[in-house]
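S.K.: next come a sequence and a model predicted from it.
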Amino acid sequence: MGPFVIALIVIVGLAVVALLLVVGKFNTLVALRNRFKNAYAQIDVQLKRRYDLIPNLVETAKGYLKHERETLENVIKARNIAYTAAQGAAANPGDAAAVKSLVSAESGLAGAMSRLMVVSEQYPDLKANQNMMQLTEELTSTENKISFARQAYNDSVMGYNTAREVFPNNIIAGMFNFAPAEMFVIDKPEQREAPKVSF
């Protein structure tokens with residue numbers, strides 16, 4: 001074999017190795033992106049459960065809180081806004097604007113739910129209502145599940161974002177438009193806790 005053939009074999013070998021490296025890194029980024037999207041789907045399941053519980057909670061409280069109509073309406077309004085934002089984020093968990101919109105809507109819902117819980121404390125008959133106690137227990141359980149799901153999602157997002165930022169992945173991520181993912185973080189410190197739902 002002549003030097004030209006050897007040089008050609010070396011060049012082809014290097015090209016194959018480079019191609020395998022790019023394919024491997026691309027596949028890793030795809031797997032990590034799918035992992036954070038799946039983690040968001042787990043949040044979505046729990047958010048939908050909460051959105052389904054809230055109208056039942058409001059209906060149960062309605063009979064007792066006749067003078068607190070505005071509070072009940074605010075809870076339903078905040079629930080509807082959060083539900084719409086959750087649908088937008090569920091359609092594309094990789095869309096940072098949709099996730100930010102959901103975080104904002106969830107902050108509003110947490111505030112409305114907190115106000116409802118404070119108001120309901122003033123009504124002992126409501127606190128003793130069996131249906132209300134069951135709903136608040138389910139809501140508390142759902143809030144805990146949302147917290148765990150959000151933590152898993154944020155861990156997946158961090159893994160994906162880290163993988164897309166390190167060399168040589170950052171080159172491949174740029175070539176194939178792997179956008180950064182948005183964490184599900186509530187900005188206001190007073191809203192980092194789940195709403196208190198004790199009666």
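M.R.: Structure received.
S.K.: which regions of this protein sit below the pLDDT cut-off?
M.R.: 187-199 (pLDDT under 70).
S.K.: where do the helices sit along it?
M.R.: Assigned by DSSP state H, the chain shows helices spanning 3-62, 69-91, 96-120, 124-128, 130-165, 169-175.
S.K.: ok now the fourth one, how far from the chain's centre?
M.R.: Taking C-alpha atoms, centre = their mean, to the nearest Å, one finds helix 124-128 lying 33 Å from the centre of the chain it belongs to.
S.K.: ok, now the first one?
M.R.: Between the mean C-alpha location of helix 3-62 and the chain-wide mean there is a distance of 15 Å, by C-alpha atoms, centre = their mean.
S.K.: tell me what that helix is packed against?
M.R.: helix 69-91, helix 96-120, helix 130-165, helix 169-175 (3 or more C-beta pairs under 8 Å, 6 or more residues apart in numbering; DSSP states H and E). C-betas here are computed from N, CA, C, even on glycine.
S.K.: mind listing what's buried along the third one?
M.R.: Pointing back at helix 130-165 there. Residues 132, 135-136, 138-139, 142-143, 145-146, 149-150, 152-154, 156-157, 160-161, 163-164 are the ones in helix 130-165 that count as buried (16 or more other C-beta atoms under 10 Å).
S.K.: which one of the helices and strands packed on helix 3-62 lies closest to V17?
M.R.: Comparing these by their distance to V17 (C-beta to C-beta), the top pick is helix 169-175, with 14.7 Å.
S.K.: quick one: residues contacting N129.
M.R.: The contact partners of N129, by C-beta atoms under 8 Å, 6 or more residues apart in numbering, come to T60, Y64.
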